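*Asks:* Pasting a predicted model and its sequence here:
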Amino acid sequence: MVRIQEIPINQIQRPLPRQNDPQKVVSLMASIAEIGQQEPIDVLEVDGRYYGFSGCHRYEACQRLGKETILAKVRKATPSVLKMHLA
């Protein structure tokens, strides 16, 4: 089951390091500031904790804009599914 909701940014763990394109982040910051976040990031919810694996540019743009929450597509998952994402 997938649901779309606003999640506090500080509750999302980003377990895999990503290299973001600085220009893309700046461009997204301008867009989000003007029209808001249009596309949710994908998040796994495992045992009440949130793990983000995609949407790294949107995540950083919202974070740098000082947003407290981010629009996310949340999918409940088991610890074994989380381990597969970390492999």
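*Replies:* Looks like it came in fine.

*Asks:* show me where this structure has strands.
*Replies:* Per DSSP state E, the chain carries strands over the ranges 2-8, 12-13, 41-46, 49-52, 69-76.

*Asks:* Which strands and helices lie in contact with the first one?
*Replies:* Which is strand 2-8. Applying 3 or more Cβ pairs under 8 Å, 6 or more residues apart in numbering; DSSP states H and E, one finds that strand 2-8 contacts strand 69-76. Bear in mind the C-beta positions are built from the backbone N, C-alpha and C, glycine included.

*Asks:* To Glu34, which of the strands of the chain lies closest?
*Replies:* Nearest to Glu34 among the strands of the chain is strand 69-76; the distance by Cβ to Cβ comes to 15.6 Å.

*Asks:* What are the buried residues along that closest one?
*Replies:* 70-72, 74 (16 or more other Cβ atoms under 10 Å).

*Asks:* Ok, stretch 13-29 next?
*Replies:* Buried-residue list, stretch 13-29, by 16+ other Cβ under 10 Å: 25, 28-29.

*Asks:* TSV for these, including pLDDT?
*Replies:* Shown next, in TSV, are these (pLDDT from 0 to 100):
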residue	pLDDT
Val25	97
Leu28	97
Met29	97
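
*Asks:* Can I get those in CSV including distance to Gln37?
*Replies:* Shown next, in CSV, are the buried residues of stretch 13-29 (distance: Cβ to Cβ, whole Å):
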residue, distance to Gln37
Val25, 13
Leu28, 9
Met29, 11
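
*Asks:* Any chance of CSV for the strands of the chain, columns mean pLDDT and distance to Met84?
*Replies:* As requested, the strands of the chain are arranged in CSV below (pLDDT from 0 to 100; distance: least, Cβ to Cβ, whole Å):
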stretch, mean pLDDT, distance to Met84
strand 2-8, 96, 17
strand 12-13, 95, 16
strand 41-46, 96, 10
strand 49-52, 96, 12
strand 69-76, 97, 13
